[in-house]
Structures are given as C-alpha cells and as structure tokens.
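J.: Return atomic coordinates for the entry below.
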Amino acid sequence: MLSVENIETSYGASQVLFGISLGIEAGEMVTLLGRNGMGKTTTISSIMGIIKPHAGSITLDGSPILGLPSYKVARAGLGLVPEGRQIFPNLSVQENLVATASNRTGNVSPWTLDRVFELFPALAERRTNMGNQLSGGEQQMLAIARALMTNPRLLILDEATEGLAPLIRAEIWRVLQHLKSAGQAIIVIDKNVDALTRIADRHYVIEKGHIVWTGTSKSLKDSKDVQHRYLGV
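T.: Below is the predicted model of the structure:
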C-alpha cells in the first residue's frame, strides 16, 4: 500500500533523516520505534507532506505522493492522529468529528457518527462538550475518531498513548486491536513495546535518522539487546 524509499529530510541545514525506507501492506499494523529525537515524527511529517524530503520517493498504491501538499495526501487516504492531538478546542465533540468528515476513498461501510460513538462510548456522552473541556484521554479518543471520520485507507498515530492514564492506554490498545482485526492498515509510534508486540505485525526501529532494525513482533520480543540498545531509557 504505502512504500517509502530512501527519503532524506532536513530542517534548514540540519539533516534529520538519512535514507529512511519502510512499507506497509493493506490490513497490516506496523510501528516506528525509537527514543525521543531520533526522527520518528519527522518521518511521519515527511509521509504526510507536512515537510518535504529532498531525496527519495513515497508512493501510495504505486502513485507518487512525495511533494504533494498535506491536504492532498490526506485526500489520497492517509489519516493522521498527530502528537499533541491538535483537536479544535472551541468546537464541540460532534463538530470536531463532522468538520473534516469525508469518504473520498469510497469505503463501502464508511465511518459515521454512530459508528465512532459506538467505538468510543465516552465521546457519545460528551458529544456537546467543547474540545477544551475534555480530559487528555478523551481528547486522544476524539483525535482518533476524527481521523477515522475521513475514512482513511491508512491510519497513522504519532505517540498513540503518551501521557495517558493506564486505563485510557488500555482502551486505546483495545480500539487499535479492533481496527486491525477489521482490516484497517495502521502505522503507530509509541513507547509501549509490550503492548505493540501483542498487536502489531512488524516493527521499524529508528536511531539518529536511520532505520537500524526491522522485524516481526516475535523477533522484537526475542531481541532483548535491540530493545536495550535502541529503546531503553
């Protein structure tokens, strides 16, 4: 579905990504792992068109998307749940959900308000509350639900559970497991290796702008040295 080949991205004169390559097939869940400041968010921003790489290629179903503005990347079928949530604080939960809702990819069973409220019952109870009246966990649920309302072919979550209480983290993992079981392709950035190896198919580990390891969940579970070298605090 998505193929990223040898992208290089810089902020001014400072190069951050050095030949990053990764891919995801339809229905897969893959992760991008690494310590803070290693290039994970820059990789996602490069894929989404928020930052333009100066080398490499990015294709979606064989069609190039590198260089497209971010709104065209989103229209092509990529849905982003950004780090920090970035919901609209002065819109209600329901307004946040319908503001960018679409079905440009022609999903035969599209996400609707009823479906996302079934997935996130807490949001149904808060549907008239403003975004800035929600807890951090509720805001993260809203950010995921908002992305789903665009009916993305690929859902991308940057720091899926950062700063959330354990019960809310468990709820997010439940939702991601449900989405994966339903065939949703997902890329996740997070630090919870135990949870990710339970539900994800494959993993990419990034270190100083390079992919230094890739493999299955079983391989990552068994590679304690990789976890210690690249993911430990």
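
J.: in stretch 190-201, what counts as buried?
T.: By neighbour count with 16 or more other C-beta atoms under 10 Å, stretch 190-201 contains the buried residues 190-193, 195-197, 199-200. For glycine as for every other residue, the C-beta is placed from the backbone atoms N, C-alpha and C.

J.: and of those residues, the nearest to Leu113?
T.: Set against Leu113, the nearest of the buried residues of stretch 190-201 by C-beta to C-beta is Ile199 (26.1 Å).

J.: I'd like to know how far that closest one sits from Leu80.
T.: In this view, Ile199 and Leu80 are 20 Å apart by C-beta to C-beta, to the nearest Å.

J.: so how many other residues sit close to Pro121?
T.: Around Pro121 sit 11 other residues, with neighbours defined as other C-beta atoms under 10 Å.

J.: Tell me the backbone dihedrals of it, please.
T.: phi -60, psi -30 (degrees, to the nearest 10).

J.: Would you mind measuring from it to Gln86?
T.: In terms of C-beta to C-beta, Pro121 sits 23 Å off from Gln86.

J.: Return the set of buried residues in the lengthiest helix in the chain.
T.: Looking across the chain with DSSP state H, the single longest helix is helix 166-181. The neighbour-count check on helix 166-181 (16+ other C-beta under 10 Å) flags 168-169, 171-173, 175-176, 179-180 as buried.

J.: need these in TSV with distance to Ala55, can you?
T.: Formatted as TSV, those follow (distance: C-beta to C-beta, whole Å):
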residue	distance to Ala55
Ile168	39
Arg169	37
Glu171	40
Ile172	34
Trp173	36
Val175	36
Leu176	32
Leu179	33
Lys180	32
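
J.: pLDDT and distance to Ala143 for those residues - can I get that in JSON lines?
T.: Shown next, in JSON lines, are those (pLDDT from 0 to 100; distance: C-beta to C-beta, whole Å):
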{"residue": "Ile168", "pLDDT": "93", "distance to Ala143": "13"}
{"residue": "Arg169", "pLDDT": "94", "distance to Ala143": "15"}
{"residue": "Glu171", "pLDDT": "94", "distance to Ala143": "13"}
{"residue": "Ile172", "pLDDT": "95", "distance to Ala143": "10"}
{"residue": "Trp173", "pLDDT": "96", "distance to Ala143": "16"}
{"residue": "Val175", "pLDDT": "96", "distance to Ala143": "12"}
{"residue": "Leu176", "pLDDT": "96", "distance to Ala143": "13"}
{"residue": "Leu179", "pLDDT": "97", "distance to Ala143": "14"}
{"residue": "Lys180", "pLDDT": "97", "distance to Ala143": "18"}
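
J.: Closest one of those to Glu162?
T.: With C-beta to C-beta as the yardstick, the closest approach to Glu162 among the buried residues of helix 166-181 comes from Arg169, at 9.4 Å.

J.: from the buried residues of stretch 190-201, which two are the most distant?
T.: Maximum distance among those (C-beta to C-beta): 14.8 Å, for Lys191 and Ile199.

J.: now do the same end-to-end measure for stretch 118-131.
T.: From the first residue to the last, stretch 118-131 extends over 19 Å; the measure is C-alpha to C-alpha, to the nearest Å.

J.: Buried residues in that stretch, which are they?
T.: The neighbour-count check on stretch 118-131 (16+ other C-beta under 10 Å) flags 119-120, 122-123, 126, 130-131 as buried.
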